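Engineer: Kindly generate the corresponding structure for this input.
(chains A, B, C and D)
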Protein chains: 4
Amino acid sequence: MNPDSTARRLESALAEVHEKIRSAKERGSVADYIPELARIDPDQFGISVCLADGSHLGVGHYRTRFSAQSVSKVFTLAIALGRYGDDLWARVGREPSTLDFNSIQELEIRRGHPPNPFVNSGAIVTTDIVLGQSTPAETIGEILQFVRTAASDNTILIDPAVAASETESGHRNWAIAHCLAEFGNLDHPCEMTLGTYFHQCAISISCEQLARFGRFLAGIDPNRGIVSERTIRRINALMFTCGHYNGSGEFAFRIGLPAKSGVGGGILAIVPGIASIAVWSPGLDRLGNSLLGTQALEALSDRMQWSVFISRLADSRL
Amino acid sequence: MNPDSTARRLESALAEVHEKIRSAKERGSVADYIPELARIDPDQFGISVCLADGSHLGVGHYRTRFSAQSVSKVFTLAIALGRYGDDLWARVGREPSTLDFNSIQELEIRRGHPPNPFVNSGAIVTTDIVLGQSTPAETIGEILQFVRTAASDNTILIDPAVAASETESGHRNWAIAHCLAEFGNLDHPCEMTLGTYFHQCAISISCEQLARFGRFLAGIDPNRGIVSERTIRRINALMFTCGHYNGSGEFAFRIGLPAKSGVGGGILAIVPGIASIAVWSPGLDRLGNSLLGTQALEALSDRMQWSVFISRLADSRL
Amino acid sequence: MNPDSTARRLESALAEVHEKIRSAKERGSVADYIPELARIDPDQFGISVCLADGSHLGVGHYRTRFSAQSVSKVFTLAIALGRYGDDLWARVGREPSTLDFNSIQELEIRRGHPPNPFVNSGAIVTTDIVLGQSTPAETIGEILQFVRTAASDNTILIDPAVAASETESGHRNWAIAHCLAEFGNLDHPCEMTLGTYFHQCAISISCEQLARFGRFLAGIDPNRGIVSERTIRRINALMFTCGHYNGSGEFAFRIGLPAKSGVGGGILAIVPGIASIAVWSPGLDRLGNSLLGTQALEALSDRMQWSVFISRLADSRL
Amino acid sequence: MNPDSTARRLESALAEVHEKIRSAKERGSVADYIPELARIDPDQFGISVCLADGSHLGVGHYRTRFSAQSVSKVFTLAIALGRYGDDLWARVGREPSTLDFNSIQELEIRRGHPPNPFVNSGAIVTTDIVLGQSTPAETIGEILQFVRTAASDNTILIDPAVAASETESGHRNWAIAHCLAEFGNLDHPCEMTLGTYFHQCAISISCEQLARFGRFLAGIDPNRGIVSERTIRRINALMFTCGHYNGSGEFAFRIGLPAKSGVGGGILAIVPGIASIAVWSPGLDRLGNSLLGTQALEALSDRMQWSVFISRLADSRL
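Structural biologist: Numbering: from 1, shown residues only, chains lettered A, B, ... in the order given. Down below sits the predicted model:
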């Protein structure tokens, strides 16, 4: 297989996808429960792809920064798994959820044990674990540094206005944190864990940066070894089964790639051994996933025949 | 990559796995709610693997026939998707479930729309769809013929004693069928649909036969074209996210392959482009999945580095 | 207190209530899931009251027979409590339900133990208990005889067309019965218990007959002793907290009397020591209780100052 | 009926009840989630009864003060109903709950509309309503004054140590408050409403004082008119159907009187027109209601034939 041909095919595929998205009628609704995010222009769209050969393409607003939000759950999960390994699973599960990403009832039914690290309750516990003996400021710095290292980009930043906006209006996350505390599944005061969590969600990142971040999850990063192969497989499995909340089955069915979405409108998708993809469009579907971002990934994966279920024999014929 | 080397590595891997399983202390409990199944000797274990090069290996009781039970949900899903395509999704969903495989409440909460085709309610609807205008006898014949064709084996049979046993004692499935009927999601009388369903579950099959059946799902069957590539990818995606009921996330995390289990103790697992695996051991874990079968698949996938998330570049280095 | 004055005040109160109901705009919807009931003219209304002094008044269609439906749950509960006493509570609870009267999920969550004898699942269990060693025909005869004796009226009958209509279309009740059987809370085959249950629901009764039936529950029947005082208090308590399904709190708040409604549009209400009231109007509210019947009871209890919470001192001043 | 005879019968009934309770083996468990309450000696028991004739009896520790806790929900409900009438019901329901008194999931399922004013979420909303335009300090003063006036006792106080104890450890109530805020059902910041709520729960009161408080609910207070008769009937109805959380049906069945319990071990019970009863024993049953307090009320109501369902004719024969 000639890598150049992949990059060439990808270039025309991206152009096609961009054209298709431009003419989409239904564009979803911007998340309105975080005041700072409600102001974003919904008419933006960008996509960026890193390939195994080191080439890096992008179309649309692929250099515009957006709020990582739940995509950041991958950042802390990677740190927590790397540092604590299977100890993590004493405090959070590995099963898809059927209720909304910010459900409180699912947490109470499960007696404070979140279903997986990609719903809010599970991510708050993961952040609480990463906090360990450090201060929130140190931990936020550490998470940011991990993202910068993986993305080879030291300009990635946190948007303090978004973090402040969530701190004030995030009643649901406060309810979740107190519920976790009630069941003894929080090591730090709610203020401390949520303070860290809100800052991690407020990481501001572009498609270009996010695609570069995702290279280690695709096994195509130039400087291997940030995270072990075994951990990478596991993060991919969790992204595949739980990455789109209660729309994960649908996403797997339509696109067949591990991916993680955020209410900022971004999605990180992985083609193991081949590519790391970041897409962004702020309009969301009713489950809180980027509407056009999902459509773009579906069109791109169809066009490129990218799916974890494509047989390698078939692939080698391309 | 030399195909012979794969077969050779597999041979020693299977021997290792067999040894490991032989010494396992905890062996699970045989399903006791179907009287005919409660009598099975729990000390049996078999595994069989078909490779892309046509080689076919097996160890243990890989030629002993067992009751397909929920593995048969793959049979009818393949027929229904092939025949009706996306029309199927008007009557059944594509999301993982969080309650038990035979939950009635999940069905009522969803107003008669089953979460996916791999829980009992979803499989009963799928069978109802496959019934169409035919009689139960014709439909059962058709399902059996499909399995025989895919497995290239005309000796696969239905065990009438198991079918009768379920008809009499399956109160839960009768409750599910009446609940589906209540919500208008059953085209035939409960007796007719359930009669067909109980016979389909009672298909008696060995690991050797089941592994051969699964070749088309791995894209390695000699006579391609039973089912389209697109449908195959979709069935794999559903097996991956929903194939082990509310233990699907756990299975994906540990093993990373699309698979479908049944309370008869069988599991069919797919390595896209590489292999079709069937394993059987009648002792079940608390979610109704084969305890030793799952352990065997975990050991084998670890040893062979089989996972849909293993990068192809990495693979090519093996 | 002069009993004559009560009868005189009641006469004018009933006339007022009748007038008020006649001009009501919103009249509810007739139950449509039982085909035989769907044909009833919704514009009918009757009410009948028996007083402690033996006087018996009625207005409107108070001599028209209607289908007892869930009001019959009082009939079998009285028989079961009289015969088995507290043994009943091993198989059914005493708590109000929060889901619909025919909920299946509540039953599964409670592992086959119905919340109370006045939701469908609880009534089916009560009927199963009353069946005992008898045949369905004997048991139906016995229930009918109990109602006739309490009402001093041998012309009360069962409508076989309604019973047949439910047998054929009652998928939800079949689902409930199989769910009870699954959890081992049914002593007889589903067909036998449900057959009896459907016939008991199909008792055809007028307001005049039903009010007479209720006298023993008010402690004002001429021939005391059908049921012990203790059992009577307990049936009243259950009617008060559970008699209107998940609208029981609302009914207690507005009317303050023990009562039991049915989807045929009838309601039996008790004023302990003072009166037995039967009201009927076939249009139902969204919870399945008679809309105008409830309004009539509210107006009547307001006008007569009938409530279990009216102080007796206050009452003696009237 | 000679009122003296009631007092005499009551005196011997109380002595009997006291004797019976003294010898009880199973005494329940003291609430341990509020540190200040966990230290109470579980071996205490007191009961006090006010009669319509003004007589007031008590046995055991009937002058020992205990923490009102959820009994205080009656205090604020009476104030809120008196001041806002039916406007209250836009923000809280009137149906019994089936989950624990401090359930969060029930609140989320109901989209922030609590089932009734006697579960924690409903009481927090009621307090939020009573707060109105006042400060927490003013509102706490107002609630305390209402209790003192109804009880004709200016020595009733709030225990600041209990209030502080709840503020620090009440994660569950914080989760509930944030959940209410999320659904827009809280007019004040969580800190303000919960601060008021925790102080109201911390009212320290004896059986003697609480029985005197309850006289207006029985319609036997010397200075009538604190609350209208209509409101009194409604509060009684709510106490009857919802006063013991998800054990309300059981309490109604066994005792047949409107009552409200608290985790401090107190219960206020009303015999309309006849008596106001307060009982206290700190050991709780598994639903959070006083174990011996409930047994004492059952024995007393049996002995005195006190039940809202006892016919007045029967009563007059006593």
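Engineer: quick one, what contacts whichever residue of chain A sits closest to chain D?
Structural biologist: Residue of chain A nearest chain D, by CB to the nearest CB: A:Gln105 (3.3 Å). C-beta coordinates here come from the backbone N, C-alpha and C atoms, glycine included. Taking CB atoms under 8 Å, 6 or more residues apart in numbering or on different chains as the definition of contact, the neighbours of A:Gln105 are A:99, D:104-105, D:108-109.
Engineer: okay if I get these as CSV plus pLDDT, distance to A:Ser29 and secondary structure?
Structural biologist: What follows is the contacts of A:Gln105, written out as CSV (pLDDT from 0 to 100; distance: CB to CB, whole Å; DSSP: H, G, I helix; E, B strand; the rest coil):
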residue, pLDDT, distance to A:Ser29, secondary structure
A:Leu99, 72, 20, coil
D:Ile104, 81, 27, coil
D:Gln105, 81, 27, helix
D:Glu108, 85, 22, helix
D:Ile109, 84, 24, helix
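Engineer: Of those, just the buried ones, ChimeraX syntax please.
Structural biologist: One line in ChimeraX is enough to select the buried members of the contacts of A:Gln105, burial here meaning 16 or more other CB atoms under 10 Å in any protein chain shown:
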select /A:99 /D:104,105,108
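Engineer: which secondary structure element contains A:Arg9?
Structural biologist: Mapping A:Arg9 onto the secondary structure by DSSP states H and E places it in helix A:3-22.
Engineer: Around chain B, which positions in the stretch 51-200 of chain A sit nearby?
Structural biologist: The stretch 51-200 of chain A has residues A:52, A:93-98, A:115-116 near chain B, with proximity defined as CB under 8 Å from any CB of the partner chain.
Engineer: wait, what's in contact with the residue nearest to A:Val271 when sequence neighbours are not counted?
Structural biologist: Nearest residue to A:Val271 in three dimensions, chain neighbours excluded: A:Trp306, at 4.6 Å (CB to CB, 6 or more residues apart in numbering or on different chains). With contact taken as CB under 8 Å, 6+ apart, A:Trp306 is in contact with A:256-257, A:271, A:274-275, A:300.
Engineer: now, which of those sits nearest B:Phe66?
Structural biologist: Using CB to CB, the shortest approach to B:Phe66 within these belongs to A:Gly256, at 30.4 Å.
Engineer: Need the pLDDT of the closest one.
Structural biologist: Model confidence at A:Gly256, given as pLDDT, is 95.
Engineer: Same check on A:Asp4?
Structural biologist: In this model, A:Asp4 is scored at 63, pLDDT.
Engineer: same question, the one 4 residues further on
Structural biologist: According to the prediction, A:Arg8 has pLDDT 93.
Engineer: and A:Ala269, what does it touch?
Structural biologist: Contacts for A:Ala269 (CB under 8 Å, 6+ apart) come out as A:214, A:255, A:257-259, A:276-279, A:297, A:301.
Engineer: doesn't A:Ile232 make contact with A:Gly219?
Structural biologist: Yes. Between A:Gly219 and A:Ile232 a contact is recorded at 6.5 Å, counting by CB atoms under 8 Å.
Engineer: biggest separation within the residues of the stretch 51-200 of chain A next to chain B, which pair?
Structural biologist: Taking CB to CB as the measure, these span a maximum distance of 35.8 Å, between A:Ala52 and A:Thr98.
Engineer: sorry, back to before: just name whatever secondary elements the helix holding A:Arg9 is in contact with.
Structural biologist: On a contact count with 3 or more CB pairs under 8 Å, 6 or more residues apart in numbering or on different chains; DSSP states H and E, helix A:3-22 meets strand A:46-51, strand A:56-60, helix A:291-304.
Engineer: what's the most buried one of the ones you listed?
Structural biologist: Neighbour counts averaged per stretch over those are highest for strand A:46-51, at a mean of 26; criterion: mean count of other CB atoms under 10 Å in any protein chain shown.
Engineer: Each with direction, which strands does that strand pair with?
Structural biologist: Each strand that strand A:46-51 pairs with, and the sense of that pairing, follows from DSSP bridges: strand A:56-60 (antiparallel), strand A:275-280 (antiparallel).
Engineer: from the chain's centre, how far out does that strand sit?
Structural biologist: In terms of CA atoms, centre = their mean, to the nearest Å, the gap separating the centre of strand A:46-51 from the centre of its chain is 15 Å.
Engineer: where in the stretch 51-200 of chain A is pLDDT low?
Structural biologist: Using pLDDT under 70 as the threshold, the predicted model of the stretch 51-200 of chain A has low-confidence ranges A:101.
Engineer: cutoff 90 now
Structural biologist: Counting by pLDDT under 90, the stretch 51-200 of chain A shows low-confidence ranges at A:82, A:96-110, A:165-170.
Engineer: Strands of that one, residue ranges please.
Structural biologist: The residue ranges that make up the strands of the stretch 51-200 of chain A, judged by DSSP state E, counting those that start in this stretch, are A:56-60, A:66-67, A:157-158.
Engineer: wait, which of those strands is closest to D:Ser228?
Structural biologist: strand A:66-67 (54.2 Å).
Engineer: which strands and helices sit next to that closest one?
Structural biologist: Counting contacts by 3+ CB pairs under 8 Å, 6+ apart, strand A:66-67 packs against strand A:203-205.
Engineer: Note down every partner strand of the strand it packs on and its orientation.
Structural biologist: Based on DSSP bridges, the pairing partners of strand A:203-205 within the sheet are strand A:66-67 (antiparallel), strand A:157-158 (antiparallel).
Engineer: which residues in the stretch 1-150 of chain A form helices?
Structural biologist: Applying DSSP state H, counting those that start in this stretch to the stretch 1-150 of chain A gives helices spanning A:3-22, A:35-38, A:72-84, A:105-109, A:120-131, A:136-151.
Engineer: Packed most tightly, which of those helices would that be?
Structural biologist: The highest mean neighbour count among the helices of the stretch 1-150 of chain A, using mean count of other CB under 10 Å, belongs to helix A:120-131: a mean of 27.
Engineer: A:Arg83 is in contact with A:Val130, isn't it?
Structural biologist: Yes. Applying CB under 8 Å, one finds A:Arg83 in contact with A:Val130, separated by 7.5 Å.
Engineer: want to throw the helices of the stretch 1-150 of chain A into JSON lines with distance to B:His199?
Structural biologist: Putting the helices of the stretch 1-150 of chain A into JSON lines (distance: least, CB to CB, whole Å) gives the following:
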{"stretch": "helix A:3-22", "distance to B:His199": "46"}
{"stretch": "helix A:35-38", "distance to B:His199": "54"}
{"stretch": "helix A:72-84", "distance to B:His199": "45"}
{"stretch": "helix A:105-109", "distance to B:His199": "36"}
{"stretch": "helix A:120-131", "distance to B:His199": "42"}
{"stretch": "helix A:136-151", "distance to B:His199": "53"}
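Engineer: Tell me the residues of the stretch 51-200 of chain A that contact chain D?
Structural biologist: Proximity of the stretch 51-200 of chain A to chain D is confined to A:103-105, A:108-109, A:171-172, A:174-176, A:178-179, A:181-182, A:190 under the rule CB under 8 Å from any CB.
Engineer: Which residue is the nearest non-sequential neighbour of the residue most central in space within chain A?
Structural biologist: Computing the C-alpha centroid of chain A and ranking residues by CA atoms, centre = their mean puts A:Val71 first, at 2.4 Å. Closest residue to A:Val71 apart from its sequence neighbours, by CB to CB, 6+ apart: A:Gly262 at 4.0 Å.
Engineer: from the stretch 1-150 of chain A, which residue is nearest to chain C?
Structural biologist: In the stretch 1-150 of chain A, no residue comes nearer to chain C than A:Ile109, which is 10.6 Å away by CB to the nearest CB.
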